[in-house]
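> Got a sequence here, can you build the structure:
(one chain, ligands or ions: 2)
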Amino acid sequence: MTRTIGGCNDNGGIYMFAGKGGVGKTTCAATAALHYASLGKKTLAISTDATPSLAHIFEAAIDDKPARIRDCLYISELGINEIEQMWDRKFGRDVYQVFFSIVDIDYDSFVSFMTSMLPGLSDEFMVDYIRELRISGEYDTIVWDTAPLGQTLALLETPNMLVEHLKLAPRIYSRLRISGKQEPVMNIIKRWQKLSADNLAFLRSEVRFSLVTIPEALAFEQLEGIFGELGRFGFGVERLIINNVVRADGSAFLKARAEQQKRYIDMIYRRYSDIEIIELPMHPCEIKGLDRLDEIEGSLFR
Ligand SMILES: Nc1ncnc2c1ncn2[C@@H]1O[C@H](COP(=O)(O)OP(=O)(O)OP(=O)(O)O)[C@@H](O)[C@H]1O
Ligand SMILES: [Mg+2]
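Ligands and ions are numbered 1, 2, ... in the order given. Now for the predicted structure:
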């Protein structure tokens, strides 16, 4: 039977897990991926973290991208190679031709230079990569594990930023005196503008955001800012996961921790009463490997 999450019919889609560093984003993303795969949906868990840990949590080697974990479940980690290939496919030779008429540079160096230097370009391509995966229809469900918040917000802002940045581009490029090249350059810019606009629309309309937090002072204080930032981009949060919730078992130590956490948990429920809130208990062991992930699936999906 298909279960429901946050009132939405849980029938596939793209789920992004975001939050500050170390709160359990990858653990929740991995668990969610396992859950959707167990419902028979072909699921890809994909990370855009520069120091990814999906493979580590699944205790899998990513020799192939994507790597098969079990029936219906695949994982992948996006790295600089995929980003460079993406550039190559989308813009490579055209822009290179323009560049090459000014600077003598070989093509591989050019692609490395562009993908590392242009503001937010690799972020843009990460969003685009996931959008293309979605369009391809290869997977029913995509679970997107992100880097800690600062980097993720930068990634989310990229399409918007690039649209702004490119407003100036025609003025600059139209003054470049590259004989016979003006029109192709303008076409490239138009394609780029379209890419950014498509990516922004994709993030707004198709990606379902889950925010992961822990019941502690700093994390609670930061929540407001995170909601504000996401709201500024027009992204709504569907679920708030409070991770590492301590269940007191009689020991004075755990009782003290649980009491302290309760203050923040209550504040979260009061402050964010309009979204679905899920508590994920703190486990006695770190969560690694399919058996442990299976164990916590029931807590994340009631
Ligand atoms: N509910 C839990 N109970 C016990 N350990 C947990 C729980 N959730 C996460 N952990 C452990 O906490 C550590 C950090 O979790 P995880 O890697 O999922 O966080 P993250 O937010 O993805 O971190 P990063 O910001 O570095 O990407 C891991 O060792 C994980 O096993
Ligand atoms: Mg992580």
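
> How about the residue of the stretch 51-200 of the chain at minimum distance from ligand 2, nearest residue that isn't a chain neighbour?
Residue nearest to ligand 2 within the stretch 51-200 of the chain (Cβ to the ion): residue 53, separated by 5.0 Å. Where C-beta positions appear, they are placed from N, C-alpha and C, glycine not excepted. Nearest non-adjacent residue to residue 53, counting by Cβ to Cβ, 6 or more residues apart in numbering: residue 26, 5.0 Å away.

> For whichever strand or helix holds the one you found, give the mean pLDDT please.
Secondary structure from DSSP states H and E places residue 26 in helix 25-38. Taken as a whole, helix 25-38 has an average pLDDT of 96.

> May I have that helix as CSV, with CA atoms only?
What follows is helix 25-38 as a C-alpha-only set of coordinates in CSV (Å, rounded to 0.1, in the frame of the first residue of the first chain):
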residue,chain,number,x,y,z
LYS,A,25,20.8,14.8,6.2
THR,A,26,22.5,11.8,4.5
THR,A,27,21.1,9.4,7.0
CYS,A,28,17.6,10.6,6.3
ALA,A,29,18.1,10.7,2.6
ALA,A,30,19.5,7.2,2.6
THR,A,31,16.6,5.9,4.7
ALA,A,32,14.1,7.7,2.5
ALA,A,33,15.6,6.1,-0.6
LEU,A,34,15.4,2.7,0.9
HIS,A,35,11.8,3.3,1.8
TYR,A,36,10.8,4.4,-1.7
ALA,A,37,12.7,1.4,-3.2
SER,A,38,10.9,-0.9,-0.9
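
> Would you point out which residue of the chain is nearest ligand 2?
Across the chain, no residue is closer to ligand 2 than residue 26, which sits at 3.3 Å (Cβ to the ion).

> Quick one: name the residues of the stretch 101-250 of the chain near ligand 2.
Residues of the stretch 101-250 of the chain lying close to ligand 2 (Cβ under 5 Å from the ion): none.

> Run through the helices of the stretch 201-302 of the chain in chain order.
217-233, 252-271, 290-300 (DSSP state H, counting those that start in this stretch).

> Tell me the helices and strands packed up against the shortest one.
Going back to what we said before, that points to helix 290-300. The contact analysis (3 or more Cβ pairs under 8 Å, 6 or more residues apart in numbering; DSSP states H and E) places helix 290-300 against helix 25-38, strand 276-281.

> Report the angle between the longest one and strand 276-281.
Between helix 25-38 and strand 276-281, the angle formed by their directions is 110 degrees, by axes from the mean of the first three to the mean of the last three Cα atoms, to 10 degrees.

> what's helix 25-38 packed up against?
Using 3+ Cβ pairs under 8 Å, 6+ apart: helix 25-38 touches strand 13-18, strand 43-47, helix 54-57, strand 73-77, strand 141-145, strand 207-213, strand 237-245, helix 290-300.

> most tightly surrounded among the helices and strands packed on helix 290-300?
helix 25-38 (a mean of 26; mean count of other Cβ atoms under 10 Å).
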